[in-house]
Every structure is written in structure tokens, then in C-alpha cells.
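Q: Just a sequence and a predicted model for now, questions to come.
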Amino acid sequence: MILSDTDIKKAIKIGKIKVDPAPDYHSQLGSCSLDLKLGDTFKIFNHSSIACIDPKQKYDDGELMTEIKVKEGESFIIQPGDFVLAVTEENFEIADDLMARIEGRSSLGRMGIIIHSTAAVFNPGWRGKAVMEVGNLGRIPVKLYPGMRICALVFEELTSKAEVPYYKSKNAKYKNQSELVGSRISEEMKK
């Protein structure tokens, strides 16, 4: 069952959903979703110095990607065909009997901006910031501003609590992420 705006507010009130900083219901709450804002940190690929990405290889921080922090009042320009990682401003937690899906916003999609093109599920017990895959499918560069509403979370209720919520999973590679984290697929390729 997908939570309505009424149910999202109730879940936040009783602590089944925690969002920090607290959302402004007037601008961020939809009829069945909660918008999150864009953070100020992005990671771009060092495509001119990497011949290809090997999922089996663990890359040192900075070898595969460069982190860019946008100054207050400035924007990040995503070029046509570019693919970057971005992070939400908010940290959020969901209870062991809820899951969330991240969705892009139609207003940005109409400019060619796609948000989180894969792996849209946040498992029960998620805790942390959302790292989003952002792409520009259009033919014109687009400015993205930290603090703008960038995505929406849709919450679904499970039929029962998860036996192993995300924060307890031994295989959870992105537990409690508080900053922009790149792919950790190499961890599972070693097994």
C-alpha cells in the first residue's frame, strides 16, 4: 500500500519516517510523495583519464571521479549527455516495515534531466542520504541549484517488518551514508 500525504505526515509524526532537516509540507509534500532537495555536492567521471570502468576493480577516491562542491548561490551545469552523481540535502530514515522509491520530477524530466535511472528502491530500515544518478538526455545544458526540489520519495508499507532491515544487513554497501558515495560494486565482485 502506498502512503498518502496524510499517512506520510502520520509516519513522520510517530517516527516511522525521519527526515532531517524537517520537510516543509507546503512545498515538499505531494498527495502521495515527499520531495527532497538537491545537496551541494556532485561527482563527475574522469572520462579523459579512464579507458573503461572495470566493476571488479576498486578505485581510489578521486581516481574514477572528481568531487565538486557548489558554492552558496551558485549552480551546477549538467551538459548534454553527461552523467553525474548527486546527493540530497536531507538525511532520511524509514522503519523496518516501510520501503521507499525515489522518482524524478516531471518538471525536470521535461528539460531532459533524469533522476535515479536505476536502483530506485530504499529498503526497509534505510538510514542516510540518497545518492542519485543524474543525467541530461537533452541537447541543452541545464543549471541545477542546491536546495531545489530534485526528486520525490514514494513510501510503501510492507505486509510485515523485514527480518533483516538494511541497517542490519551484512551486505549493505551504503549503510548510513552521509555524503556522496560512488559505486562499491567491486566489494561483491570479490566474493
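A: Okay, I see it. Numbering: from 1, shown residues only.
Q: for stretch 57-72, which positions count as buried?
A: For stretch 57-72, a neighbour-count test (16 or more other CB atoms under 10 Å) marks L64, M65, V70 as buried. Where you see a C-beta, it was placed from the backbone N, CA and C, and this is true even at glycine.
Q: Any chance of the residues you listed in JSON lines with secondary structure and pLDDT as columns?
A: What follows is the buried residues of stretch 57-72, written out as JSON lines (DSSP: H, G, I helix; E, B strand; the rest coil; pLDDT from 0 to 100):
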{"residue": "L64", "secondary structure": "coil", "pLDDT": "88"}
{"residue": "M65", "secondary structure": "strand", "pLDDT": "90"}
{"residue": "V70", "secondary structure": "coil", "pLDDT": "98"}
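Q: center of this protein - which residue?
A: Of all residues in the chain, the one closest to the mean position by CA atoms, centre = their mean is A130, 2.9 Å from it.
Q: For it, which residues are in contact?
A: By CB atoms under 8 Å, 6 or more residues apart in numbering, the contact set of A130 is L36, V87, T88, E90, F92, I102, H116, F122, C151, L153.
Q: any idea how far V19 is from it?
A: Applying CB to CB, to the nearest Å, the value for A130 to V19 is 11 Å.
Q: Please enumerate the shared neighbours of those two.
A: Common neighbours of A130 and V19, using CB under 8 Å, 6+ apart, are E90, F92.
Q: now stretch 106-126, how far from the chain's geometric center?
A: Its chain's average C-alpha position is 7 Å from that of stretch 106-126, according to CA atoms, centre = their mean, to the nearest Å.
Q: neighbouring contacts of that stretch?
A: Contacts to stretch 106-126, defined as CB under 8 Å, 6+ apart, come from residues 78, 80, 92-105, 130, 132-140, 142, 144, 150-151, 153, 158, 161-162, 165-169, 172.
Q: burial measure for G182, as a count.
A: In terms of burial, G182 registers 14 neighbours under the definition other CB atoms under 10 Å.
Q: from now on call the first residue 28
A: Shifting the count to begin at 28 puts that one at G209.
Q: ok so, going back, now restrict the contacts of stretch 133-153 to buried residues only.
A: Applying 16+ other CB under 10 Å to the contacts of stretch 133-153 flags 105, 119-127, 129-132, 157, 159-163, 165, 169, 171, 177-178, 180, 189, 192-194, 199 as buried.
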